[in-house]
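Participant: Fold the following, please.
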Amino acid sequence: MAHGEHQPAASSRWRLRPREIPFRRRLTRAAVALIYRRTDHGGTELLFIQRARREGDPWSGDMAFPGGRLQPEDATPRAAAERETLEETGIDLVRHGRFQARLSDLLTRHHSRWRPMVVTPYVYEWKGPKAVTLNHEVETLVWVPLDYLADKENQSKRPWRTPLGTLNMPCCRYQEYCIWGLSYSMLQELLAQPLTQPRQ
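Facilitator: Have a look, this model is predicted:
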């Protein structure tokens, strides 16, 4: 683990052994925030953003978690996730978020080039106000019930064209939205945790 990246231990109710990519310090780094909240009726909802539609962006309009690349001013990847979330949505995780755990590193590529990039997800419980302020990178924000995301009946496939042919990628469809790719992988790791269990 790189200097300055030490994270507080996750709560004992999290069954986590997150994977770390060994050579991640040599690659471009990014971080995202998986933010959940409790509802008045005892349920749990997870926050997604829909990326703004931009010409030339292969992930344009996709569902994602708020976050982005590390900048020189970011002391840690987690700090980058918190800064990017504030910039994109107005959600202040430092003031109103309760850090829960780090999930496994994932390897992807830059949006505009084929260079590899490591993405680290961080999980927070949201305890703040409902108001949000979206910037130009975000088209909309959606809270999705965790029970819906976990239901096998709501899982589907999305065709994805590659230079080697078309792949049928696993996804979850909610209303007119489709959650797939890296976000879907992070979601599956999150769903393996006892988020919906009562607190001890």
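Participant: so what does the longest helix seen in the chain touch, helix or strand wise?
Facilitator: The helix spanning the most residues in the chain, taking DSSP state H as the definition, is helix 77-89. If you count contacts as 3 or more C-beta pairs under 8 Å, 6 or more residues apart in numbering; DSSP states H and E, helix 77-89 packs onto strand 28-38, strand 67-69, helix 93-96, strand 97-102, strand 116-126, strand 138-145. (Each C-beta comes from the backbone N, C-alpha and C, glycine too.)
Participant: If we use 6 Å, what do you get?
Facilitator: strand 28-38, strand 67-69, helix 93-96, strand 116-126 (3 or more C-beta pairs under 6 Å, 6 or more residues apart in numbering; DSSP states H and E).
Participant: So for it, what gets flagged as buried?
Facilitator: Residues of helix 77-89 classed as buried by neighbour count (16 or more other C-beta atoms under 10 Å): 77, 78, 79, 80, 81, 82, 83, 84, 85, 86, 88, 89.
Participant: what about residue 189, helix or strand, and which?
Facilitator: Using DSSP states H and E, residue 189 falls within helix 181-191.
Participant: how distant is that helix from the center of its chain?
Facilitator: Centroid displacement of helix 181-191 relative to its chain, using C-alpha atoms, centre = their mean, to the nearest Å, is 8 Å.
Participant: what's the answer for stretch 151-167, then?
Facilitator: 19 Å.
Participant: re earlier: who touches the longest helix of the chain?
Facilitator: For helix 77-89, the external contacting residues (C-beta atoms under 6 Å, 6 or more residues apart in numbering) are 29, 31-33, 66-68, 70, 74, 91-94, 120, 122, 132, 135, 137-138.
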